[in-house]
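**Q** Need a 3D model of the sequence below.
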Amino acid sequence: MTSTTPKPKKGLSLRLILILLSLVGLNLLASLQIAQWSFSWLPVAASTAAPYVDGLFSLEVGIGAFLFNGCVGFILWSVIANRAEKYDESDGLPIEGNTKLEIIWTVIPFIIVMALAIYSIDVNGKLDTLGPKNKYDMAVNQSAKTVASLDGLSEVGPIEVISRQWNWEFVYPNGVRSSELHLPINQRANFLLTSKDVIHSFYIPAFRLKQDIIPGSVISYSITPTREGRYRLRDAHFSGAYFSDNQTHVIVQSKDDYSNWLQSTNEKPLVPGLSPGTVQYQKRLSKGNKGWATVPPAPPPMVNDPGNPDDPHEA
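**A** Reported below is the predicted structural model:
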C-alpha cells in the first residue's frame, strides 16, 4: 500500500514578487505625477479656500489614478501572459473563494474611504473657518441688512448679493449698486445672498465657492480673495430658460483701487444694469415667442455701474 504525501503549495517566486513590487512602484510614481497634473485642470486659484479644495481634489485624483492603473495593468497582464492557447476551448479551473484575498480587497478600500472621509472633514472644518456661512429665514421683502448676526471678522461688507431671473445685483455698504462684483484683494468679504424669485446658485470657480441661494432667506457667506484679476460668476443652479446666461464678472483689485472705485461710482447716476436674460427673451419675442413656454425675465436692475460683459476674464 503506497501512501501519497500532499505536495506543498507553491508560493510566489522571488522574481515574480520583485516584478510586482517594481510595477506597484511605477504605478505609484505615475499616480503621484497625475495628481500633480490635476492642479492644472482647475481654474486659477484666487481665494484662501482654493488651496484646500485643490489639495483634496488632487488626493482623490491620485488615489483614483493608482486604482485605475492597477486594474488596467492587471487586465493587460492577464490578457498577455495568461491567455489560452489559440485553439484551447476548454473551461478554466474551478477556483473557489480565497479568504485572504477577500479580506485584503475589503480592508484596503475601507482604509481608503475612511482616510478620504477624515481628510474631507478636516478640509471642511478649515473652509468653515475661512468662510463661515449661516442661513437666516426672512420675509422676501425684508432688507438683508436687518440680519443681526453677521461675520464679525469680515473686513469688507456686508455686500448684498441679489439674484433674479436672470441677472445679478450687488449692493455695497455705502449704497453703491453694480452689476459686477468688486472686491479688494487679501481682505475678508462678507456676502448676504438673497433671491427674489427661485433658487439660484452663487458660483465663482476661481474662488472654489458655490452656494445655493434659497428664496425667503438670507445666507451670510464670507471669503478672502488672494489674486487680482477678473473672474466669472455663474448661476450654477437651473433657474429657468436663460439661467446659463446669468453670468457676470468678479473683479479683484487692490485696496486703493477698490476704494477709488467705490468713491467714484457713488457719484454716478443709476442706469439699467446687465440682464443677459432680457436680451435672450427679446430675441425670442422677435421670432414670434415660439418654443417651450418660459416666464419673462425680471427687469434689469438699476445700478451705478453696469460693467462691461465683453471684457475678458481668466476663469
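**Q** Please count neighbours and contacts with C-alpha atoms only from this point.
**A** Will do.
**Q** for this protein, what spans make up the helices?
**A** 14-37, 50-81, 99-130, 255-266, 276-286 (DSSP state H).
**Q** between the third one and helix 50-81, how big is the angle?
**A** Counting by axes from the mean of the first three to the mean of the last three Cα atoms, to 10 degrees, helix 99-130 points 160 degrees away from the direction of helix 50-81.
**Q** quick check: mean pLDDT across helix 99-130?
**A** Helix 99-130 carries an average pLDDT of 89.
**Q** buried residues in it?
**A** For helix 99-130, the neighbour count (16 or more other Cα atoms under 10 Å) marks 116, 120, 123, 127, 130 as buried.
**Q** Who is Ile251 paired with across the strands?
**A** His182, Arg230 (DSSP bridges).
**Q** Name all residues that make contact with it.
**A** Ile251 is in contact with 180-183, 228-231, counting by Cα atoms under 8 Å, 6 or more residues apart in numbering.
**Q** what's the closest of these to Val156?
**A** Of all the contacts of Ile251, Leu183 has the smallest distance to Val156: 8.1 Å, by Cα to Cα.
**Q** so how many other residues sit close to the closest one?
**A** Neighbours of Leu183 under the rule other Cα atoms under 10 Å: 24.
**Q** I figured it was touching Asp256, is that so?
**A** No. The criterion here is Cα atoms under 8 Å, and Leu183 misses it with Asp256 at 11.0 Å.
**Q** How far away from the center of its chain is stretch 49-63?
**A** 11 Å (Cα atoms, centre = their mean, to the nearest Å).
**Q** Not counting that stretch itself, show me its contacts.
**A** Contacts of stretch 49-63 (Cα under 8 Å, 6+ apart): 31-32, 34-36, 38-39, 42, 45, 116, 119-120, 123, 127, 130-131, 206-208, 223-224.
**Q** Which positions in that stretch come out as buried?
**A** So, applying 16+ other Cα under 10 Å, buried residues of stretch 49-63: 49-55, 57-63.
**Q** pLDDT (mean, whole number) over it?
**A** 93.
**Q** Ok, stretch 158-175 next?
**A** Per-residue scores along stretch 158-175 average to 92.
**Q** now the end-to-end length of it.
**A** 11 Å (Cα to Cα, to the nearest Å).
**Q** in that stretch, what's buried?
**A** 158-172.
**Q** ok, now stretch 215-223?
**A** For stretch 215-223, the neighbour count (16+ other Cα under 10 Å) marks 215-223 as buried.
**Q** and of those residues, the nearest to Ser244?
**A** Pro215 (19.2 Å).
**Q** list the contacts for the closest residue to the closest one other than its chain neighbours?
**A** Distances taken as Cα to Cα, 6 or more residues apart in numbering place Ser195 nearest to Pro215, at 5.0 Å, with adjacent residues excluded. Applying Cα under 8 Å, 6+ apart, we find Ser195 in contact with 140, 162-164, 213-217.
**Q** swap the cut-off to 6 Å and go again
**A** Contacts for Ser195 (Cα atoms under 6 Å, 6 or more residues apart in numbering) come out as 162-163, 215.
**Q** got CSV for those residues, with distance to Trp105 too?
**A** Below are the contacts of Ser195 laid out as CSV (distance: Cα to Cα, whole Å):
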residue, distance to Trp105
Ile162, 50
Ser163, 48
Pro215, 46
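**Q** quick one: contacts of stretch 67-74?
**A** Applying Cα under 6 Å, 6+ apart, the set of residues contacting stretch 67-74 is empty.
**Q** run the last query once more with 10 Å
**A** For stretch 67-74, contacts defined as Cα atoms under 10 Å, 6 or more residues apart in numbering pick out 23-24, 27-28, 30-31, 61-65, 75-80.
**Q** Mind checking which of the residues you listed are buried?
**A** 24, 27-28, 30-31, 61-63, 65.
**Q** and those as JSON lines, adding distance to Pro297?
**A** What follows is these, written out as JSON lines (distance: Cα to Cα, whole Å):
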{"residue": "Val24", "distance to Pro297": "57"}
{"residue": "Asn27", "distance to Pro297": "53"}
{"residue": "Leu28", "distance to Pro297": "53"}
{"residue": "Ala30", "distance to Pro297": "50"}
{"residue": "Ser31", "distance to Pro297": "48"}
{"residue": "Val61", "distance to Pro297": "40"}
{"residue": "Gly62", "distance to Pro297": "44"}
{"residue": "Ile63", "distance to Pro297": "45"}
{"residue": "Ala65", "distance to Pro297": "45"}
